[in-house]
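In: got a predicted structure plus its sequence, pasted below:
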Amino acid sequence: MSEVIIRPASPFQGLRTWWMMLKISLEERLVYRGDFALGTLMRFLPIVTQVFLWTAVFGATTKTDIAGYTRNDIVAYYLLTMLTRAFSSMPGLSTGIARSVRDGSVKKFLVQPVDYVSFLLAARVAHKLVYYAVAALPFAGVFVLCRSYFPPVPDAITIAAFVTSLVLSFLLGFFMEATLGMLGFWFMEVSSIVFGYMLVQYLLSGHMFPIDLLDGVPTGIAGVSLADVVHWLPFEYTAYFSSAVWLGKVHGDRLVWSLAIEAAWVVVMAVACRIAWWRGTRRYSAFGG
Amino acid sequence: MSRYFAIFLTFARACLVRDMTFRANFILECVTSLGWMSMNLAFYLLVFTFTSEIGKGTGWSKEPFFAFVATGLIINSIVQALFMPSAEELTEMVRTGGLDGVLVQPLDAQFLLSMHRVDFSALANGLVGVGLLAWAVPRLDHPPPPVAWLLYPLLIVCGVAILYGFVIMLAAATIHMGRNQSLYDFWFYLTNFSRYPAEIYSGPFGGPLRMLCTFVIPILLVVNVPARMVAQPFTGQAWGGVAAAVVAAIASLVVSRFVFQRALAKYRSASS
C-alpha cells in the first residue's frame, strides 16, 4: 500500500503560488497584445475633447477660474485623472467574477488550494503591469507635451501622499469591483447592477469633472454641499483625490484625514469582499464536470 | 431588398420577444441607459452655470446646445439599437469560430453580422432626445424654417450611415486582430469627437483636428450638420453641410463595404 506523505507548507510556498499566478496572468495578457495595445492607446482620446471643451468654456466667460480651477488646472486635472484611473479602474473584473459563478468555472477554486480572491488580485496586478509597460511611453509623451498646463512639481511629502493614494486607489478599485462581482452568487445577471455602479462611479469619482465643482450644489442640509457628502464616499478616491493631491488642492490636515478615509474604505471593501465570497460559496452549488 | 427587409423584421421581432421575456431586465437596461444620459445632461447644466455659451461667439448657448445634444442622442440611439449589439458579438464569433456558421448562410455576411440583433432598450435615449429637442426648439431665437425640418430626417439618416460605416470598419479590424474587446471602447472614444459643436476645435491644434475629423474621418459631420439645421439660423452655407453629409454617408458605406469584404477574405476559421 502506498503511503501518502503530507509535507508541511514551506514559508515560500505562498509566494511561489503568487508568482505562478502572476506569470500565468502575464502570459495570458500578452496573447492578444494587439487588442491590449489598442485599448491602452485609445484611452487618450477623450482627454482631447475635454481639453477643447473646457478651452471653449473658459473662452466664453470672463472668469479666470471655475471652482478654484484655472483652464490649465482643469486640463492638468483630466490628465492626472487618467493616470489615477490607470490604477483604480478594473475593466471586466466584476462581470468576469459573475460569469465564472454563472458558468460554474468558479468551482475549481473551491477544490484547489488556490484562494480565488488572491488569484484575481494577482491577475489584476499582471494586467496592470502589462498596461503600464504598454502605456508608459504614451503617458510620458502626453505629459511632456502638456507640461505647460501643470503647476511646479510639488514637495516630497505631497509626492509621497500622491503615490500612497495611487496604491490605495488600486486596492480600493479592486475590492469594490470584486465585491460587486460576488453579487453573482445571489443574482444570475449582474450586468445592469454593474452598469448602474459605473454610472455612479463616473459621476462621483471625479472622472467626469473635479468634485470641487459640486461645492455650491446644496444637499438640503444647512452648510453641507454635495461635495462634502462625496468626500465621505469611496468613489472620489478612485479618480479625484490623487489628482487633487498633485495639484495642491488637498493639503495639510485634510490630506492626512482624506488618506485615512481612503485606507479605511480599502479595509471595509476588502472585508466586504471576503464576506461576500465566504457567504456566496456557502450557498453555491454546481453540478456536472 | 424586400427579402432582406423581411428577414430584418424577423430578427427584430425575435429580439423584441426575447426582451419582453426578460421584462425586468429590459426595464433595468432602459433605466440605466437613461441614467447615463441624465448624468451627461446634468454635467452640461453644470457647465452652463459657469458660462453662457460653449465658445465665445459660436452661438451655442444653452438651448441651441441642448438641441445639439438631442440630435446626438437620436442618432446614437439608432446606431446603438440597430448595429452595435451585433458588432459586439462579432468579436467573440471571430475568436471562437462562430463566424463560420454565418459565412455559409445564403445571405449577405455583412447584413447578417451587423443587423441580426436589435437592442430595443437603446431607443429609450432616442425618445428622450426627441423630447429634449421639443423642449429646446421653441426656446431658440431663430425658429428653424420648414426646409430645415425637411432636411433634418435626411441628415439624421446620413449621420447614422456614417456611424454604421465606422462600426463595420471596426468589425473588420476584429477579423484582422483575432480579438477586439476594445471595439466598444474605441467606438465610444471615436464618437466622443462628435458630441460637441465643431467650433470648439479651434487654434493651432484644434483647426487641423477639425479638418481631419470633417474631411478624412467625417465624424464631425454626424451630429453637427443635422443639429445646425435646427439649432442655428438657416443660411445658404447650410447647403454645403448637407452636400458634405450626403457625400460622406455614401463614401462611408462604400469604403466600409470594401474594407469588410477584404477582411472576410483574410478570415481563417478558428474552429476545429
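Out: Nice, I can see it. Nothing here was measured: the structure is a model prediction, and the numbers come from that model.
In: when you work out contacts or count neighbours from here on, use the C-alpha atoms and nothing else.
Out: OK.
In: now residue 28: which helix or strand?
Out: In the absence of a named chain, this looks at chain A. A:E28 is part of helix A:13-31 when elements are defined by DSSP states H and E.
In: that answer is for a different chain, and I need it for chain B
Out: helix B:23-47.
In: got it, and A:L199?
Out: Here A:L199 is assigned to helix A:191-204, by DSSP H and E.
In: cool, A:P151 as well?
Out: Following DSSP H and E, one finds A:P151 outside all helices and strands.
In: skipping adjacent residues, who's closest to B:P143 in space?
Out: B:V137 (6.8 Å; C-alpha to C-alpha, 6 or more residues apart in numbering or on different chains).
In: ok, now which ones touch that neighbour?
Out: B:E63, B:P64, B:A67, B:P143, B:P144, B:V230, B:A231 (C-alpha atoms under 8 Å, 6 or more residues apart in numbering or on different chains).
In: will you turn the residues you listed into a markdown table that also has neighbour count, pLDDT and secondary structure?
Out: Formatted as a markdown table, these follow (neighbours: other C-alpha atoms under 10 Å in any protein chain shown; pLDDT from 0 to 100; DSSP: H, G, I helix; E, B strand; the rest coil):
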| residue | neighbour count | pLDDT | secondary structure |
| --- | --- | --- | --- |
| B:E63 | 21 | 93 | helix |
| B:P64 | 24 | 94 | helix |
| B:A67 | 28 | 95 | helix |
| B:P143 | 15 | 87 | coil |
| B:P144 | 18 | 90 | coil |
| B:V230 | 27 | 91 | helix |
| B:A231 | 28 | 91 | helix |
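In: now do the helices in the stretch 151-289 of chain A.
Out: Assigned helices in the stretch 151-289 of chain A, in chain order: A:156-182, A:191-204, A:226-232, A:240-246, A:252-283 (criterion: DSSP state H, counting those that start in this stretch).
In: which elements pack onto the second one?
Out: If contacts are counted by 3 or more C-alpha pairs under 8 Å, 6 or more residues apart in numbering or on different chains; DSSP states H and E, helix A:191-204 sits against helix A:93-102, helix B:23-47.
In: okay, those, which one's buried deepest?
Out: helix A:93-102 (a mean of 21; mean count of other C-alpha atoms under 10 Å in any protein chain shown).
In: quick one: low-confidence parts of the chain?
Out: Chain wasn't specified; assuming chain A. Within chain A, the segments meeting pLDDT under 70 span A:1-14, A:29, A:32-41, A:288-289.
In: try chain B instead
Out: For chain B, the ranges with pLDDT under 70 are B:177-184, B:270-272.
In: which residue is nearest the centroid of it?
Out: In chain B, the residue lying closest to the centroid (C-alpha atoms, centre = their mean) is B:N76, at 3.7 Å.
In: so what's that residue up against?
Out: B:G126, B:V160.
In: in terms of helices and strands, where is it?
Out: helix B:62-82.
In: what sits closest to the residue most central in space within chain A if chain neighbours are left out?
Out: Compute the mean C-alpha point of chain A, and by C-alpha atoms, centre = their mean the closest residue is A:S88, 1.5 Å away. Spatial nearest neighbour of A:S88, excluding adjacent residues (C-alpha to C-alpha, 6+ apart): A:F170 at 4.3 Å.
In: measure that neighbour to chain B for me?
Out: Computed as C-alpha to the nearest C-alpha, to the nearest Å, the A:F170 to chain B distance reads 21 Å.
In: tally up the residues packed near B:L151, please.
Out: 15 (other C-alpha atoms under 10 Å in any protein chain shown).
In: B:I54 now?
Out: A count of nearby residues for B:I54, using other C-alpha under 10 Å, gives 27.
In: show me what contacts it?
Out: Per C-alpha under 8 Å, 6+ apart, neighbours of B:I54: A:L53, A:A56, A:V57, A:A60, B:W60, B:S61, B:I200.
In: what's the neighbour count on A:G141?
Out: Quick note: A:G141 (other C-alpha under 10 Å) scores 12 neighbours.
In: that one sits in which helix or strand?
Out: Under the assignment here (DSSP H and E), A:G141 is part of helix A:116-145.
In: report whether that helix contacts chain B.
Out: No - Helix A:116-145 lies out of reach of chain B by C-alpha under 8 Å from any C-alpha of the partner chain, never closer than 12.4 Å.
In: tell me what angle that helix forms with helix A:156-182.
Out: For helix A:116-145 against helix A:156-182, the angle by axes from the mean of the first three to the mean of the last three C-alpha atoms, to 10 degrees is 140 degrees.
In: how far does helix A:116-145 sit from the chain's center?
Out: 12 Å (C-alpha atoms, centre = their mean, to the nearest Å).
In: just stretch A:192-206 next, same as before
Out: Averaging C-alpha positions (C-alpha atoms, centre = their mean) puts stretch A:192-206 12 Å from its chain's average.
In: again, but for stretch B:120-128
Out: On the basis of C-alpha atoms, centre = their mean, stretch B:120-128 sits 13 Å off its chain's mean C-alpha point.
In: how about that stretch: buried residues?
Out: Neighbour counts over stretch B:120-128 (16 or more other C-alpha atoms under 10 Å in any protein chain shown) mark B:F120, B:S121, B:A122, B:L123, B:A124, B:N125, B:G126, B:V128 as buried.
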